[in-house]
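S.K.: output the structure for:
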Amino acid sequence: MFLMYVDESGDTGMLGSPTRYFTLTGLVLHELRWQVYLDLLINFRQSLKARFGLKLREEIHSAHMINRPGELSRIPRHDRLTIVRLFANLLATMTDFNAINVIVDKSTKGPKYNVFENAWTALIQRFENTLSHHNFRGPTNPDDRGVLFPDNTDNKKLTGLLRRMRRFNPVPNQVQYGGGYRNILVSNIVEDPNFRVSDQSYFIQAADLIAFLVYQSVAPSAYMREKQGDKYLKRLEPIVCKVASPRDALGIVRL
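M.R.: Below is the predicted model of the structure:
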């Protein structure tokens with residue numbers, strides 16, 4: 001079984017939105033790596049507590065580590081950036097992770113474009129396709145399936161989308177094959193999404209970090225640009241799922 005933990009950066013609004021981009025990251029690992037990687041994340045958090053005073057129960061919400069840190073303002077900003085960098089470095093060593101990344105550039109879309117549905121459809125399709133072709137790194141079984149663990153989002157809408165994709169999932173044909181669509185049903189993802197609260201899941205926090213760094217790679221804040229944090233995404237190259245979008249250097253699905 002492959003588990004996909006999902007979080008986002010930016011917002012899905014089209015009119016009056018403060019953000020040009022919306023990013024969605026699915027962090028995939030096999031069940032046989034779950035305990036090993038959880039132990040590594042716990043050890044990492046213990047090291048952050050010893051070095052920076054970041055408590056194990058305190059969430060690493062990457063955007064808030066840089067701006068609006070709330071209670072974490074007790075940790076100097078440059079140390080909070082160091083935490084983000086160290087977290088990215090750790091994930092890059094966990095090479096049985098597979099990060100599927102989707103970016104929506106809202107500036108190229110019409111006002112009726114459904115950012116949420118299109119981004120999630122692209123992510124679910126890549127998860128389904130990579131499962132069906134046995135292309136994920138890590139342990140594998142001939143009959144592996146997948147399950148979704150998203151951060152709390154528009155739960156009812158996402159559940160309905162996944163259920164619909166099991167019955168109707170039109171996928172455009174490439175132009176050289178005559179255009180049109182094929183109805184390729186989602187069949188390798190089991191159950192409804194299992195929603196998680198981000199401050200209670202280190203895996204969701206890891207997905208949040210990646211989604212944040214994907215966003216910063218295309219629209220960095222002034223501070224991240226100054227500190228070259230806009231280049232941190234490249235540190236994660238060992239774990240990005242390049243088969244999700246083979247023509248992109250980091251496998252990012254760009255909509």
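
S.K.: pLDDT score assigned to residue 44?
M.R.: For residue 44, the pLDDT comes out at 98.

S.K.: summarise which helices and strands the helix or strand harbouring residue 125 is packed against.
M.R.: With elements delineated by DSSP states H and E, residue 125 resides in helix 115-132, which encompasses its position. In terms of contacts (3 or more Cβ pairs under 8 Å, 6 or more residues apart in numbering; DSSP states H and E), helix 115-132 is packed against strand 2-10, strand 21-30, strand 98-105, strand 146-150, helix 155-165, strand 253-254. Placement of C-beta: from N, CA and C, glycine included.

S.K.: residue 62 is nearest to which of those?
M.R.: With Cβ to Cβ, the closest approach to residue 62 among the helices and strands packed on helix 115-132 belongs to strand 2-10: 7.9 Å.

S.K.: partner strands of that closest one, parallel or antiparallel?
M.R.: With DSSP bridges as the criterion, the sheet partners recorded for strand 2-10 are strand 21-30 (antiparallel), strand 146-150 (parallel).

S.K.: residue ranges with poor pLDDT in the stretch 1-150 of the chain?
M.R.: Counting by pLDDT under 70, the stretch 1-150 of the chain has no low-confidence residues at all.

S.K.: before we move on, back to that, which one of the helices and strands packed on helix 115-132 lies closest to residue 44?
M.R.: Across the helices and strands packed on helix 115-132 (criterion: Cβ to Cβ), the nearest stretch is strand 21-30, sitting at 15.0 Å.

S.K.: could you check the angle helix 115-132 makes with that closest one?
M.R.: Note on geometry: by axes from the mean of the first three to the mean of the last three Cα atoms, to 10 degrees, strand 21-30 and helix 115-132 are set 30 degrees apart in direction.

S.K.: just the angle between strand 21-30 and strand 98-105, please?
M.R.: Orientation check (the same axes, to 10 degrees): strand 21-30 against strand 98-105 gives 170 degrees.
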